[in-house]
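[1] Need the 3D shape of this:
(3 chains)
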Amino acid sequence: MKPLRPSHPYLFLAPTLLVLGIFFIYPLLLALYRSFFAWDLLTEPVYVGGGHYEALWRSGELVETLGRTLGYSLVVVVWASALGLGFAVGLNREGAVYAFVRGAVFSAYIVSWVAVGLLWLWILDGDAGILAVGLKKLGLPTTAWLSNPDTALMTLAAVTVWKITGYAMVIFLAGLQDVPKSVLEAAALDGAGPWRRFWYVTWPLLRPTAAFVATTSLILSFQAFDIVRVMTQGGPVKATTIFVYAIYESVFMNLRVGRASALTVVFFALLLGLTALQLWAWRLGQREGTT
Amino acid sequence: MNRLSRRHLMVGLASASCGSRSLSPGEMSLWFTYGGRNRKVLLELVDQFHARQSKVKVHPTFQGDYFEGLVKLRTGLFVGSTPTVTHIIGEVVPYLAEAGVLSPLDELEAEVKADVDPALGQSGSFVGGDERPLYALPFNRSTPVAYFNRGLFSDAGLKPPTTWAEMRSVAKALTLRSGDRTERWGFECPIAWWFWVAMLGQAGGQVIEPDGRVSLGDEAGVEALHHWQTMIHADRSMKPPPGRDFNAWEATNSDFLAGRVAMIWTSTAFLSYLTDNASFDLGVAPLPKEKRFSVPTGGTFFVMPAGVTGAEREAGLAFLRFMISPEAANTWATNTGYMPISLAGRAKLRAEGFFDDHPNFAVTLDQLKYAQAWPWAPELFRVQREAVQPRLEQAVLEQKDGAAMLGEAKASLRAAGIATGAL
Amino acid sequence: MRRASLLSTVVLALAGLLWIGPYLWMVSTSFKSMQEIVAAPAVPVPSSLDPSAYAAVFEAVPVGRFFLNTLVMATAIALLQIALALPAGYALAKLRFAGKRWAFGLVLACLIIPPQVTFVPVFTMLGSAGLVNTMAALVLPFGVSAFGTFLVRQAMLSVPDEIIEAARLDGATELYIVYRVLGPIVQPTLAALFLFSFVYHYSDYFWPLMMTTDDRVRTLPLAVALLREQGTGARWNIIMAGNVILSLPTFAVFALTQRRILKAVTARALG
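    Here you go, the predicted structure:
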């Protein structure tokens, strides 16, 4: 639509862009600047040029961190979206049981990461946790999920999926409201089974919502921090040192702000690229009606 | 050094322009990084301080854990808004002192010389610590000790080990297995720098040589790693705890309390906690030797940031004077398990028969004679955090070759411009 | 037909238990004694309901004040975000103007930048402005929710242009249209945004920790952190009690907003 006054769109966006500019863009640009120095917040910064980037690349740390983060994110996005969708479709009706399950699934999302992390630390303990005890009773093999470098990252991913499925579910529930019941009923009367109804009627209308969920969970999972901090502190042997935690470690533990800044710049560029890719893949632009 | 001037200028300007401090004369701020029980005892001490005098008022505030507190101190220094007093871990003291951001505490030198145990104060905790201005006062000081389940040991007719060889046999004897599941482990210890330094010392080495080169103990360092590797992978009598840093320490304690492991190494700091929560007879023993007995010290020191002057400084000094006094030092130590830093206080405890009633408390003090001083090296914490700690885990958990790992650690230090000498 | 629905009910109920089970276990742990926890942490039900952990929490940390701070902060953030997202979302969804793609991209890009990256410069900025230890430091940096803007834009895309045109013809100002006409129409989205924002910021630990050096505006998650002692893990029952207390208000907010979000569900389902 045409704005009433040409200045309107800019005025409406001004507060948003102002806040973002001060609190996000400026720090990001500052990080870009600082990434060319070695600095510990205490002594004078020392110019190192592209030294940090080079070191990150040569040591393989960049690629490794990226790999871990991508692996983690992929699992989280796919599973949380799928489960969220499943729950949303299955629970989209009246009834006490349905309300209970909706609340239950969402309750995991509400509880803080610290509580969730501590809880699962206990559940997953290789010797005394409920899960190990239960599996042993069933005669199934167990392992120390969180202290085994091979399983630690995926264990964190599983806990993350458990926590954010509720978020995906709620978004999908909202999106499902756009699906007219009359069309579904008509399809049912025509003899279409639940799968066909879903695939031909529901899914096409749900695609933008799915794109939204996928994009936002990708971004949110790339920012995972609290769960690592509470459960594994980046270990064992760096197995769970994903991007934001790597930045945190650099600043807080190794006192290397310049290096953290370099990591930040790379992280931002990568995620931006990934997001753009994802949006293009979903062809989000398609949904734009009157521009 | 011109690095100092910028820092001092900023801090000076900020203090002069005030606003951020807003403390009246006689008031001071204390930043601490403890939760739980330690926090409680600290706050009680602050109350005691207020009760016995009315000139100085302390405002204690929690600032997260050690690392978060350190970052906040640094950002505080950067914006010129620092606390009057805070506490930092020993490994970081030389770093901050050399960067010029700590106030020398000359006014307290007399008291410190008179009453503070040199092994725990700056003079004995750091090589050449007494040749430098007094920057740090000991607050909570600890050494690693071995805690053991007396019941399990006596049932098996065993005594706490005094050598590495005994340690291996004892741990093996106490490990119970059923099938491929371990019901009870013989030994557990966080795979942490502190314990590795202890073993390195026991194997006869030092982390940093007197001439300043970072040797990481040379062969002793490798031997230390090998000891762990053997016990975990060959003997299968040692359980490596999950998580890192404080989670690993927590897991070690929990496992021990639940009877899942017979003997652990951890800090004397947990003595009160373990005593209170153990359902069995708790024993404490010094760490065993290989070539010699050796333990590092740990815990934090009180420091005052640079730029604290005038009435605020006086208030801070008064509080610090109180904290190193015999009564306060004893209150702290007996309620937590950290060592009493005041010699007069210790004598008083001895006279009262405290150590007879609580023999476990005496063990760590006896062990002090084997305490190794830390080098006064600004890069010490980098050696710890960046070069060594990650590689300890790799070596132990992934069974990488110890010598190769330490070689890598040294290479990374050289790349950072730190001299490591041959190899 | 009936068998299928019984099976699905059972499956769903089990799923529900899987999700709420750990939380229930957290509650049960908060009522156990320390010895019980150490000896048998896996037992689901406490042998007796021991409320001393809750008393200990209130005694150890100033729950009331911190809780109020948290409530004020989270509500302020959520409301501020809604206030800013409405006009921004409207512009991005409905108005034609140059630079629209860039603006949208910029907003989305900011969603990517985590607080661990921004806190040093922001702290420095706020420090110079004397805003450290104030509510402003906790609220303003989060005044914009890129996620919320995205969400509102999405919702507004579905609103027919005719409504806006009609309101314009009636002489309504654009601001009126945004807040008084479109706002109510996208209410379920705003309720969802409020819920997510509130939940997210309510349990934030990192930002309030780094932006405050004293207790004036500190929030509940920091209080709960005080219950934890490095290394000992101290008293689990108290820590869990603290976490239960921490999460209760978010459940309340969820219960309140759920009705609004699902009002739309029932309305459409029936209509």
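[2] CA atoms for contacts and neighbours, from now on please.
    OK.
[3] hang on, isn't B:Asp401 packed against B:Glu393?
    No. Counting by C-alpha atoms under 8 Å, B:Asp401 stays clear of B:Glu393, with 11.6 Å between them.
[4] Neighbour count: those two, which is higher?
    When B:Asp401 and B:Glu393 are compared for neighbours, B:Glu393 comes out ahead with 24 against 16, by other C-alpha atoms under 10 Å in any protein chain shown.
[5] What pLDDT is listed against C:Phe31?
    With respect to pLDDT, C:Phe31 has a value of 87.
[6] Torsion angles phi and psi at it?
    Backbone torsions of C:Phe31, given as degrees, to the nearest 10, read phi -100, psi 10.
[7] export stretch B:174-193 as PDB, just CAs?
    Output of stretch B:174-193 as PDB, limited to C-alpha atoms (Å, rounded to 0.1, in the frame of the first residue of the first chain):
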ATOM      1  CA  LEU B 174      38.300 -50.900  46.300                       C
ATOM      2  CA  THR B 175      36.800 -50.900  42.800                       C
ATOM      3  CA  LEU B 176      33.800 -53.200  42.600                       C
ATOM      4  CA  ARG B 177      32.500 -54.300  39.300                       C
ATOM      5  CA  SER B 178      29.600 -56.500  38.200                       C
ATOM      6  CA  GLY B 179      29.700 -57.400  34.600                       C
ATOM      7  CA  ASP B 180      30.900 -54.300  32.700                       C
ATOM      8  CA  ARG B 181      29.200 -51.900  35.100                       C
ATOM      9  CA  THR B 182      31.200 -50.400  37.900                       C
ATOM     10  CA  GLU B 183      29.300 -50.400  41.200                       C
ATOM     11  CA  ARG B 184      31.900 -48.600  43.000                       C
ATOM     12  CA  TRP B 185      35.000 -46.800  41.900                       C
ATOM     13  CA  GLY B 186      38.300 -46.800  43.800                       C
ATOM     14  CA  PHE B 187      39.200 -43.200  43.000                       C
ATOM     15  CA  GLU B 188      37.900 -40.100  41.400                       C
ATOM     16  CA  CYS B 189      39.400 -36.700  40.800                       C
ATOM     17  CA  PRO B 190      38.500 -33.700  38.600                       C
ATOM     18  CA  ILE B 191      40.800 -33.600  35.600                       C
ATOM     19  CA  ALA B 192      42.000 -30.200  36.500                       C
ATOM     20  CA  TRP B 193      45.100 -28.200  36.400                       C
END
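[8] ok, and what's touching that stretch?
    Applying C-alpha atoms under 8 Å, 6 or more residues apart in numbering or on different chains, the external contacts of stretch B:174-193 come out as B:152-153, B:156, B:170-173, B:237-241, B:244-245, B:248-249, B:252, B:259-266, B:384, B:388-389, B:392-393, B:396.
[9] Show me which of the residues you listed are buried.
    Buried members of these, counted by 16 or more other C-alpha atoms under 10 Å in any protein chain shown: B:152-153, B:170-172, B:237-241, B:244-245, B:248-249, B:252, B:259-266, B:384, B:388-389, B:392-393, B:396.
[10] so what's A:Ser147 scoring on pLDDT?
    On the pLDDT scale, A:Ser147 gets 75.
[11] Let me know the distance separating the residue in the stretch 301-423 of chain B that chain C sits nearest to from B:Tyr273.
    The nearest approach of the stretch 301-423 of chain B to chain C comes at B:Thr336, 11.4 Å away (C-alpha to the nearest C-alpha). As judged by C-alpha to C-alpha, to the nearest Å, B:Thr336 and B:Tyr273 stand 7 Å apart.
[12] tell me which residues in the helix or strand harbouring C:Leu18 are buried?
    In the assignment (DSSP states H and E), C:Leu18 maps to helix C:2-30. Neighbour-count burial for helix C:2-30 flags C:9, C:12-13, C:15-23, C:25-30 (criterion: 16+ other C-alpha under 10 Å).
[13] What is the burial count for residue 190?
    Unless you meant another one, I'm taking chain A. 9.
[14] that's the wrong chain, I meant chain C
    C:Leu190: 27 neighbours (other C-alpha under 10 Å).
[15] quick one: it is in a helix?
    Yes. Counting by DSSP: H, G, I helix; E, B strand; the rest coil, C:Leu190 is part of a helix.
[16] residues in contact with it?
    Residues near C:Leu190 by C-alpha under 8 Å, 6+ apart: C:82, C:152, C:183.
[17] do the same with C:Ile77
    Applying C-alpha under 8 Å, 6+ apart, we find C:Ile77 in contact with C:139-140, C:142-143, C:197-198, C:201.
[18] element containing it, please.
    In this assignment (DSSP H and E), C:Ile77 forms part of helix C:63-94.
[19] Show me what counts as buried in that helix.
    Of the residues in helix C:63-94, C:63, C:65-67, C:69-94 count as buried by neighbour count, 16+ other C-alpha under 10 Å.
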